[in-house]
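Asker: let's see this in three dimensions:
(chains A and B)
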Amino acid sequence: MNAKYTPQQIEEKWQRHWEAGKTFSVKEDSQKKKYYLLEMFPYPSGKIHIGHVRNYTIGDVVARYKRMRGFNVLHPMGWDAFGMPAENAAIAHGIHPSVWTNENIAHMKKQLKRMGFSYDWDREISTCEPEYYRWEQLFFLWMYEKDLVYKKTSMVNWCPDCQTVLANEQVEAGLCWRCSNEVSPRELDQWFFRITAYVEELLEHCDRLPGWPDRVLTMQKNWIGKSHGCELSFPMADGKGDIKVFTTRQDTIFGATFMLIAAEHPLVMELVKGKEREDEVREWVDKIKKHDKVMRISDYYEKEGIFLDTYCLNPVTKNKMPIYAANFVLADYGTGCVMAVPTHDQRDFEFAKKYNLPLIVVIQPPKKVLNVHTMTEAYVEEGILVNSGPFNGMENMKALDKIAEYLESLGRGKKTIQYRLRDWGISRQRYWGAPIPVVYCEKCGALPVPEQDLPVILPRDVELTGEGGSPLAKHESFVKTSCPNCNGPARRETDTMDTFVESSWYFDKFCCAAFNDKPGLDRKALDYWMPVDQYIGGIEHAILHLLYSRFFTKVLRDFGVIGVDEPFTNLLTQGMVCKETMKCRQHGYLFPDEAKEGRCIHCQEEVVIGKTEKMSKSIKNVVDPDYLIERYGADTARIFCLFASPPEKDLEWSDQGVEGSYRFLNRTWRIVMDYLDDIRDIAPFDGSSVLDGDLKNLRRKTHQTIRKVTRDIDDRFHFNTAISAVMELVNALYQVPRPAKEDLTALSVIRETVDSLMLLLAPTVPHFSEELWEMMGNKVNTADSPWPEYDPTVATEEEITIVIQINGKVRGRISVPIDEEEESIKSLARADEKIVKMIEGKTVIKEIYVPRKLLNIVVKEG
RNA sequence: GCGAGAGUGGCGGAACUGGAAGACGCACUGGACUUAGGAUCCAGCCCGCGCAAGCGGAUAGGGGUUCAAGUCCCCUCUCUCGCACCA
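Answerer: Numbering: from 1, shown residues only, chains lettered A, B, ... in the order given. Predicted structure coming up:
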């Protein structure tokens, strides 16, 4: 008899069972309702960390639950296998990135299997294989044809540490998203995906994603950054041409007194060409260009500019406006030129003060009067227009449209929309990525690789030195090729694609992993499985990955490859796993096992407990999943991750909490084992006889628990409260006096409770549940059993407590049958000794009765 | 600066649409069983006064709406996250 709970043995047994029986492999089945559950696939960095454990446990519970509810569940797993760490490891240790990556994949796969996740491993994909990335090269060609791919020379974000370009989305406050080093500008030839072609749809569809957290949608909307405004043109004072600006504040046009141009803008040098100041301006521009982006956005640099010895005219006031180049104007937003209204824009105000430029107030606030001589900051609130010709006296916000129309009638402007979103630069000067399928011919220029020549396979035999630049550029047999147009000598593109390209369509590939005909995606399979019903991953991908995936889905839809507009119907962003940090004065940060009884194991110095932060190797506050599995088993790790906090919140790791979860499993195991011999051959209670007392209560509690757990999982993924409900049921089972062996009715009620417990726990602690379930003599595994149903009649309480309030304060409680009439409750309350005393001598103004909850008697003195 | 979210016992967290604040777990305290237990089972556990039944207070702080507010509204404070010279 297996009396003791030994997770290690049980877990291996069931994992073998699932693998041998291919329990979780799925096929399209038009008879069954599909459910596609996806967790963000991992980068194979080497080992699974607790963040993965949490993410995948949440997903696994939902997948297993939906399966028990009768859905045809697709729950795949794969590897986001291209990326820089592989290349860095190659440079540091002389291992080829593919070897490093594949070894990591093998190890992490083993770890995932040890967690008991219900993946369909037949669909495993690895994005670094040509069978995968060849299709994205094909999509690239199609996009090229549709003008959704283009090349341009541009200032790019260059990370000197990673030796590569970063997309705008990958620069965080001027720092590289990966290595946190400063990003500097650099001029490079880059390939771009025209994500801006879909900007309006990407924005509009945000409102069609009710299953996404508001936070993520807001972040996406802000990132897209739609602004309504005007494009205005200001004639040059010398009559030669004009300068165009974008503004959202055309209401302030009468106050525009000077013009600003981004320092990097080509117009700057054009305007001073041949003038006395040309050299001075060039020097200044060069200086500004050298400033790091990170410095320019901080307050470190003051606003500064340089006069270009040129004027334009304000189209409505006809005033002469001096033109300056300025360091704070963005070259790639709007037209790169800005009309400056110093009275109503703080930046322009500071600039005007510094260079002694004229101010004109055009908006007066409601309560005070602005004076250009005494103003200390720009007035940016709403007000009444002044000094604005025909618009004087209007509210500035209401004048926006009128002024736009007026400027339009003058032929000086038109309403436009600007977006913050820029196109997605995908060129990376790295080796370990998908080659961009392009060749350069001396005669014919840049040409896409013909479709029949795909895939462009990433060669294996390269030398990785870490000296910068792509190693592919030095690989002669890769680089040298012939022009598809003239057959003359040509060179291949040696940049590779941003790895976010692979993760923008992997969820499609999972639907048809084995499908290898053009275009690599099987429309029939996609039509069955897509969209993903539930996507789960970290909030850190709220913009990057999720926006790119949405874009790619729309592109593939327009190619007819897929039939959905949006890839992910519901999105859950799980919180981070945090833990307190520990420090020793001599040895710095300590790993958990470097501290024993509050002392450092190296020097016996007392350990200082630091603040709780996201688990990270660099501050050593990590927990090794392997250790957890060995010590407690995967089921304990799983249930703890779910129980400690709701999934969208951060989880604070607690070793004692893990112990508590382990204790709960042991406690449950013990009571089931205790009853095992008596209930193994007994069928669950079928409702054919009338129960009372403890048994009736236990059965009610059982059905209530089924109801609670079902709702908690279904409605809101609150696994923590679902688990606490199950704990209550176990506690209730312990409270029931042990029935006699002959009391078959009692034992059948116990059996019903134990069966329900195992089924309710099956998605959370699958090995544990399967083992006990099997021991109880069940023939069909929990994984293949239907989710338990509750009987609402059984779950309903018979006696309820009605709270009696006087003036909103709880003054008593009475116990009544569930269907007690309002009138009789009122008279019961009035008869209550305590209540009588409290309302004596007072006037009852009214009584508020909330059915089955409370009675509030409102009284007043006298 | 702009935007979003959060603030509840010693701790993690419950409280669904306004209706018993603190479920469940951890920690702690006591008891039982034990040679022993850091195993297990049972019980107690927001704060103040009280032997007690009870009374009063309490959901960051202040105000409001309501018969009734952790929940709705307004103001203030604190923290977290995202964007950040986007004209």
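
Asker: buried stuff in stretch A:118-130?
Answerer: A:Ser118, A:Tyr119, A:Asp120, A:Trp121, A:Arg123, A:Glu124, A:Ile125, A:Ser126, A:Thr127, A:Cys128 (16 or more other CB atoms under 10 Å). All C-beta atoms are positioned from the backbone trio N, CA, C, and that covers glycine.

Asker: same question but for stretch A:381-398, I mixed them up
Answerer: By 16+ other CB under 10 Å, the buried positions in stretch A:381-398 come out as A:Gly383, A:Ile384, A:Leu385, A:Val386, A:Ser388, A:Phe391, A:Met394, A:Asn396.

Asker: of these, list those near RNA strand B.
Answerer: When those are checked against RNA strand B using CB under 7 Å from any atom of the strand, none falls in range.

Asker: may I have stretch A:315-335 exported as PDB, CA atoms only?
Answerer: What follows is stretch A:315-335, C-alpha atoms only, in PDB (Å, rounded to 0.1, in the frame of the first residue of the first chain):
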ATOM      1  CA  PRO A 315       0.300  83.200 -43.000                       C
ATOM      2  CA  VAL A 316      -2.400  85.000 -40.900                       C
ATOM      3  CA  THR A 317      -0.500  87.900 -39.300                       C
ATOM      4  CA  LYS A 318       2.100  88.300 -42.100                       C
ATOM      5  CA  ASN A 319       4.700  88.900 -39.400                       C
ATOM      6  CA  LYS A 320       8.200  87.900 -40.200                       C
ATOM      7  CA  MET A 321       9.200  84.800 -38.300                       C
ATOM      8  CA  PRO A 322      12.900  84.000 -37.700                       C
ATOM      9  CA  ILE A 323      13.900  80.400 -38.500                       C
ATOM     10  CA  TYR A 324      16.000  78.500 -36.000                       C
ATOM     11  CA  ALA A 325      17.400  75.000 -35.900                       C
ATOM     12  CA  ALA A 326      16.600  73.400 -32.500                       C
ATOM     13  CA  ASN A 327      17.900  70.400 -30.600                       C
ATOM     14  CA  PHE A 328      14.500  69.400 -29.100                       C
ATOM     15  CA  VAL A 329      12.500  69.200 -32.400                       C
ATOM     16  CA  LEU A 330      12.000  65.600 -33.600                       C
ATOM     17  CA  ALA A 331      13.100  65.100 -37.200                       C
ATOM     18  CA  ASP A 332      10.900  62.100 -37.800                       C
ATOM     19  CA  TYR A 333       7.600  63.300 -36.400                       C
ATOM     20  CA  GLY A 334       5.300  65.400 -38.500                       C
ATOM     21  CA  THR A 335       7.400  67.400 -41.000                       C
END
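
Asker: would you tell me whether that stretch gets close to RNA strand B?
Answerer: Yes: counting by CB under 7 Å from any atom of the strand, RNA strand B has neighbours in stretch A:315-335: A:Asn327, A:Phe328, A:Val329, A:Leu330, A:Tyr333, A:Gly334.

Asker: quick one, which of those residues are buried?
Answerer: Buried residues within the residues of stretch A:315-335 next to RNA strand B, defined by neighbour count using 16+ other CB under 10 Å: A:Asn327, A:Phe328, A:Val329, A:Tyr333, A:Gly334.

Asker: these in strands, which ones?
Answerer: Using DSSP state E, no member of these falls in strands.

Asker: dump the residues you listed into JSON lines; add distance to A:Gln418 and pLDDT as well.
Answerer: Converted to JSON lines, these look like this (distance: CB to CB, whole Å; pLDDT from 0 to 100):
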{"residue": "A:Asn327", "distance to A:Gln418": "21", "pLDDT": "90"}
{"residue": "A:Phe328", "distance to A:Gln418": "17", "pLDDT": "90"}
{"residue": "A:Val329", "distance to A:Gln418": "14", "pLDDT": "92"}
{"residue": "A:Tyr333", "distance to A:Gln418": "7", "pLDDT": "92"}
{"residue": "A:Gly334", "distance to A:Gln418": "6", "pLDDT": "92"}
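
Asker: same question for stretch A:199-218, mean pLDDT?
Answerer: The average pLDDT for stretch A:199-218 rounds to 91.

Asker: the helices in the stretch 251-400 of chain A, which residues?
Answerer: Using DSSP state H, counting those that start in this stretch, the helices of the stretch 251-400 of chain A run over residues A:266-272, A:278-290, A:293-297, A:346-355, A:396-409.

Asker: lowest average pLDDT across those?
Answerer: Ranked by mean pLDDT, the helices of the stretch 251-400 of chain A end with helix A:293-297 in last place, scoring a mean of 50.

Asker: what bits of the stretch 651-800 of chain A have low per-residue confidence?
Answerer: Along the stretch 651-800 of chain A, segments meeting pLDDT under 70 are nowhere present.

Asker: A:Pro817: which of the residues of stretch A:315-335 next to RNA strand B is nearest?
Answerer: A:Tyr333 (70.0 Å; CB to CB).

Asker: I'd say A:Val438 and A:Pro448 touch.
Answerer: Yes: in this structure A:Val438 lies within contact range of A:Pro448 using CB atoms under 8 Å: 5.8 Å.

Asker: could you find the closest non-adjacent residue to A:Gly610?
Answerer: Spatially, and ignoring its direct neighbours in sequence, A:Gly610 is nearest to A:Thr581 (3.6 Å; CB to CB, 6 or more residues apart in numbering).

Asker: tell me which element the one you found falls in.
Answerer: Element membership of A:Thr581 [criterion: DSSP states H and E] is strand A:577-584.

Asker: can you give the distance from that strand to the centre of its chain?
Answerer: 25 Å (CA atoms, centre = their mean, to the nearest Å).

Asker: alpha carbons of that strand, as CSV, please.
Answerer: The C-alpha coordinates for strand A:577-584 follow below in CSV (Å, rounded to 0.1, in the frame of the first residue of the first chain):
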residue,chain,number,x,y,z
VAL,A,577,7.6,36.5,-9.5
CYS,A,578,9.4,38.4,-6.7
LYS,A,579,11.4,37.4,-3.7
GLU,A,580,13.3,39.2,-1.0
THR,A,581,17.0,39.8,-1.6
MET,A,582,19.7,38.7,0.9
LYS,A,583,23.1,40.3,1.3
CYS,A,584,26.2,39.6,3.3
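
Asker: ok, now which ones touch the residue of the stretch 551-700 of chain A found nearest RNA strand B?
Answerer: When scored by CB to the nearest atom of the strand, the stretch 551-700 of chain A has A:Gly660 as its residue closest to RNA strand B, at 2.7 Å. A:Gly660 is in contact with A:Phe640, counting by CB atoms under 8 Å, 6 or more residues apart in numbering.

Asker: swap in 10 Å and give it another go.
Answerer: Each residue near A:Gly660 by CB atoms under 10 Å, 6 or more residues apart in numbering is listed here: A:Thr636, A:Ile639, A:Phe640, A:Phe643, A:Ala644, A:Ser654, A:Met727.

Asker: same thing with A:His107?
Answerer: A:Pro44, A:Gly46, A:Lys47, A:Ile48.

Asker: narrow the residues you listed to just the buried residues.
Answerer: By neighbour count, with 16+ other CB under 10 Å, the contacts of A:His107 hold A:Pro44, A:Ile48 as buried.

Asker: of the contacts of A:His107, closest to A:Thr499?
Answerer: Closest approach to A:Thr499 among these (CB to CB): A:Pro44, at 12.0 Å.

Asker: looking at it, the closest one is touching A:Ser98, isn't it?
Answerer: No: between A:Pro44 and A:Ser98 there is no contact, the gap being 11.2 Å when judged by CB atoms under 10 Å.

Asker: and the stretch 701-850 of chain A, which of its residues are near RNA strand B?
Answerer: A:718, A:720-721, A:723-724, A:727-728, A:731, A:734-735, A:800-801, A:803, A:805, A:807-811, A:813, A:846, A:848, A:850.

Asker: take these and keep only those in strands.
Answerer: If you go by DSSP E, these have A:Ile800, A:Thr801, A:Val803, A:Gln805, A:Lys809, A:Val810, A:Arg811, A:Arg813, A:Lys846, A:Ile848, A:Val850 in strands.
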